[in-house]
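Chemist: could you look at this predicted model? Sequence included:
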Amino acid sequence: QVAPIAPGIISRAYLEDIRANIQQLETSQGANLQRAAMMIAQEAKAGRKTIVATQGHAPWRYVGQGDDARWAVLSDLDHEVPAQVEAYKKTPQGALVLRLGYEGLHRDEAALFAAKKQRVILVTVPTPRPEFQPPAGLPLTIDMGWKYGDAVVPIAGYPIKILPPSGVMQVVAYQSINVEV
């Protein structure tokens, strides 16, 4: 049983967490965000678009839909979705890839990038899961800042936290890179 919660309590807790995540991203990853943007801008200057390999329920709605269409090509990629894997296999050999993920990088996806000799900028958070450990030697990894496990707001009497920061932080990280490009 969960007791009634006064209006505004949950939203304030969520917003406080999002603000803390954004501040941490700015403080700890600002230089990496700028470096990612410089790498992408160099590709664009050479006449090549960067593949934005997305994961999740939201990026396909905003990646490549605005000014970023000048430099970004959307490719949804989840190792558990065969149609997405097959479509991804058609991406260019040696391309620069901005992997907009959630937690680590699944070994099957890493193998796909390696087979195509693609250079990967990984936007993610660390995970303890062995099958999601990124390989050594990626050009750049950007940590979006939340702890493993997606939900952030505790509710007294409820066994798990609620409300994930992941979708919001993907937008923040992506648009931080986009505005610099």
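Modeler: The structure has been received and is ready for your questions.

Chemist: burial measure for Val152, as a count.
Modeler: Around Val152 there are 20 other residues, counting by other Cβ atoms under 10 Å. C-beta: built from backbone N, CA, C; applies to glycine.

Chemist: over to Ile18?
Modeler: A total of 17 residues lie near Ile18 under the criterion other Cβ under 10 Å.

Chemist: distance of it from Arg119?
Modeler: If you measure Ile18 against Arg119 using Cβ to Cβ, to the nearest Å, the figure is 31 Å.

Chemist: what of Pro154?
Modeler: Using Cβ to Cβ, we find Pro154 at a distance of 40 Å from Arg119.

Chemist: ok, the two, which is more surrounded?
Modeler: When Pro154 and Arg119 are compared on other Cβ under 10 Å, the one with more neighbours turns out to be Arg119, at 16 against 11.

Chemist: which residues in this structure form helices?
Modeler: Counting by DSSP state H, the chain has these helices, from start to end: 9-45, 82-88, 107-115, 166-180.

Chemist: so how far is the last one from its chain's centroid?
Modeler: It stands for helix 166-180. The chain centroid and the centroid of helix 166-180 are separated by 8 Å under Cα atoms, centre = their mean, to the nearest Å.

Chemist: kindly report the same for the longest one.
Modeler: Its chain's C-alpha centre and that of helix 9-45 lie 10 Å apart, by Cα atoms, centre = their mean.

Chemist: got the angle for it vs helix 166-180?
Modeler: Computed with axes from the mean of the first three to the mean of the last three Cα atoms, to 10 degrees, the direction of helix 9-45 lies at 40 degrees from that of helix 166-180.

Chemist: now the helices of the chain as CSV including distance to Ile51?
Modeler: Conversion of the helices of the chain to CSV gives the following (distance: least, Cβ to Cβ, whole Å):
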stretch, distance to Ile51
helix 9-45, 10
helix 82-88, 8
helix 107-115, 10
helix 166-180, 13
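
Chemist: and those, which is most packed in?
Modeler: Per residue and on average, the most neighbours among the helices of the chain fall to helix 166-180, with a mean of 20 (mean count of other Cβ atoms under 10 Å).

Chemist: so what does that one touch, helix or strand wise?
Modeler: Helix 166-180 sits against helix 9-45, strand 96-100, strand 119-124, with contacts defined as 3 or more Cβ pairs under 8 Å, 6 or more residues apart in numbering; DSSP states H and E.

Chemist: so which of those comes closest to Val179?
Modeler: Minimum separation from Val179 across the helices and strands packed on helix 166-180 (Cβ to Cβ) falls at helix 9-45, 8.1 Å.
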